[in-house]
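Asker: structure for the following, please:
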Amino acid sequence: MALTGDLRTIPFPEVIQLVARMGGNGVLRVRRGHVEKSVYFRKGAICSSSSNDPREFLGQYLLRMGLVDEEHLFQALLKQEEEHRPLGAILTESGLLAPDDLEKVLRQKAEETIYDLFLWEEGEFVFHEEPVPEHLPVQLSLDVMGVLMEGARRADEWERIRQVIPSPRATFTPGPVPPADIFEARLVSLAAEGRTAAAMTYELHCSDFEALSLLASLVKKNVLQIKDPGTLERPGDTVGTVKKLLAKAKSAELAGRLDEAEQAYQAVLLINPVHLQARKALAALKERSLTPAVAFPIPKPTRVADEPIPLDGIPKLAVSLDALTEQPLEPLEGFLLSRINGTWDVRSILKLCPQGQEAGLAVLKGLVQKGFVRIESKAPNR
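Answerer: Residues are numbered from 1 along each chain as shown. Predicted structure coming up:
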């Protein structure tokens, strides 16, 4: 038996209630753009979940909770790529992660994947009765009523957060109240650098809900103050809004108004962060924009536009850090630039890209075309 529909017609809380009433075994798959999440049911109870959103990968949770550092995670991910084994198993076998910590993180990861769906206002779903895989990363036994109560709480909290921080593009200034600990001090430091809420989300390796919840709490305590609230937006706006923005962007692009086109495409991504057409269009716009917004000497890029970037190449900054601070960088550009240390190769840096290797590679290529970054060949082993 199959159950299909649209979240604009049947909200996610009603969907899981319907599936629970059926009382069978199966998989509920929910898709928005190119993000797909699966919720597994056994006898009407939720027993696990999975997601293809890079921000919900195990490595991001481990970094967020401080259980591994980036260097060790890079090495483990490279080993996983070679051996095709679970990342958790590699980390525990190498002594970098305790088995109890792995179990805790996998459980939290599975639960957070589910709760995030309560914030989706659009998307398609399908439930198929089928055998549940035996070797899921973690086995849960969540009562649907308990999940509904927590999901409703988070949905209400999300509305309150958006009253304080209406946009991922919001910026902050340090407030009169000093930070209470090292973590708060880190957020104040990022705010003082002019980082947007979206950029801080990347740095914290966490979801929009978690990052904006933390920032909103600091604003309420006057540890941070809103500098610029950004444009008021709601994720999951109607498809009609997206269509209008895409039409506006294409019209501006054809007329040569590239800044206006970029703003419209970015607005689409604020509604749907994985909108494929908008992402491709932005990547193309970046390649056309070879001249940075603020004039300063830029070395002529040595790589032609169509030449692929080698994954074993070593990215290096082609301009000074002072020059980069003058540029209006996008959050993902800033994230990638901050990981360039002259020794990590492209593959290693992309391993931790919050939006996946494909998106990171497109942004890195744009940085090369702008002349901000150059890619050097990896030195041969001696």
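Asker: identify the residues contacting Val15.
Answerer: 3, 5, 7, 28, 30, 125, 127 (C-beta atoms under 8 Å, 6 or more residues apart in numbering). The C-beta positions use only the backbone N, C-alpha and C, and glycine is treated the same way.
Asker: neighbour count added to the residues you listed, as a markdown table?
Answerer: Compiled in a markdown table, those are given as follows (neighbours: other C-beta atoms under 10 Å):
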| residue | neighbour count |
| --- | --- |
| Leu3 | 16 |
| Gly5 | 15 |
| Leu7 | 20 |
| Leu28 | 23 |
| Val30 | 22 |
| Phe125 | 23 |
| Phe127 | 23 |
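Asker: so which of these are in strands?
Answerer: Taking DSSP state E, the ones among these that sit in strands are 3, 5, 28, 30, 125, 127.
Asker: surely the third one meets Gln17?
Answerer: In this case it means Leu28. No: using C-beta atoms under 8 Å, Leu28 is not in contact with Gln17, being 11.5 Å away.
Asker: rewinding a little: just the closest of the contacts of Val15 to Glu262, please.
Answerer: Using C-beta to C-beta, Leu7 comes nearest to Glu262 of the contacts of Val15, at 29.0 Å.
Asker: burial measure for the residue nearest to that closest one when sequence neighbours are not counted, as a count.
Answerer: Spatially, and ignoring its direct neighbours in sequence, Leu7 is nearest to Gly123 (4.6 Å; C-beta to C-beta, 6 or more residues apart in numbering). Burial of Gly123 is recorded as 20 neighbouring residues (other C-beta atoms under 10 Å).
Asker: next, give phi and psi for Gly123.
Answerer: Backbone geometry at Gly123, expressed as degrees, to the nearest 10, gives phi 150, psi 170.
Asker: mind listing what it touches?
Answerer: Shown in contact with Gly123 (C-beta under 8 Å, 6+ apart): 6-7, 30-32, 236.
Asker: how about 6 Å then?
Answerer: 7, 30-32 (C-beta atoms under 6 Å, 6 or more residues apart in numbering).
Asker: what residue spans form the domains of this structure?
Answerer: The chain breaks down by automatic domain parsing into domains covering 2-160, 165-228, 239-288, 291-382.
Asker: now mean pLDDT too, for those, in CSV please.
Answerer: Converted to CSV, the domains of the chain look like this (pLDDT from 0 to 100):
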stretch, mean pLDDT
domain 2-160, 88
domain 165-228, 88
domain 239-288, 71
domain 291-382, 74
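Asker: closest to Ala359 out of the ones in strands among the contacts of Val15?
Answerer: Ala359 lies nearest to Val30 out of the ones in strands among the contacts of Val15, by C-beta to C-beta, at 20.9 Å.
Asker: what about Ser49, how many residues close to it?
Answerer: Ser49: 26 neighbours (other C-beta under 10 Å).
Asker: now do the helix or strand hosting it: distance to the chain's middle.
Answerer: According to DSSP states H and E, Ser49 maps onto strand 45-51. Offset of strand 45-51 from its chain centre (C-alpha atoms, centre = their mean, to the nearest Å): 20 Å.
Asker: all numbers from here: first residue = 56
Answerer: With 56 as the first residue, the last one maps to strand 100-106.
Asker: next structured bit after it?
Answerer: Note on strand 100-106: by DSSP H and E, the next helix or strand toward the C-terminus is helix 113-119.
Asker: now do the buried residues in the following helix or strand past that next one.
Answerer: Next in sequence after helix 113-119, counting helices and strands by DSSP H and E, comes helix 125-138. Across helix 125-138, burial judged by 16 or more other C-beta atoms under 10 Å covers 125, 128-132, 135.
Asker: name the helices or strands packed onto helix 125-138?
Answerer: helix 142-148, helix 401-406 (3 or more C-beta pairs under 6 Å, 6 or more residues apart in numbering; DSSP states H and E).
Asker: show me what the lengthiest helix in the chain is packed up against.
Answerer: Longest helix in the chain by number of residues (criterion: DSSP state H): helix 199-219. Where contact means 3+ C-beta pairs under 6 Å, 6+ apart, helix 199-219 is packed against helix 67-77, helix 263-275.
Asker: winner for burial among those helices?
Answerer: Comparing those on average neighbours per residue, with mean count of other C-beta atoms under 10 Å, the densest one is helix 263-275 at a mean of 19.
Asker: show me what the next helix or strand after that helix packs onto, helices and strands only.
Answerer: For helix 263-275, the following helix or strand on the C-terminal side (DSSP H and E) is strand 279-283. When contacts are defined as 3+ C-beta pairs under 6 Å, 6+ apart, strand 279-283 sits against strand 226-229.
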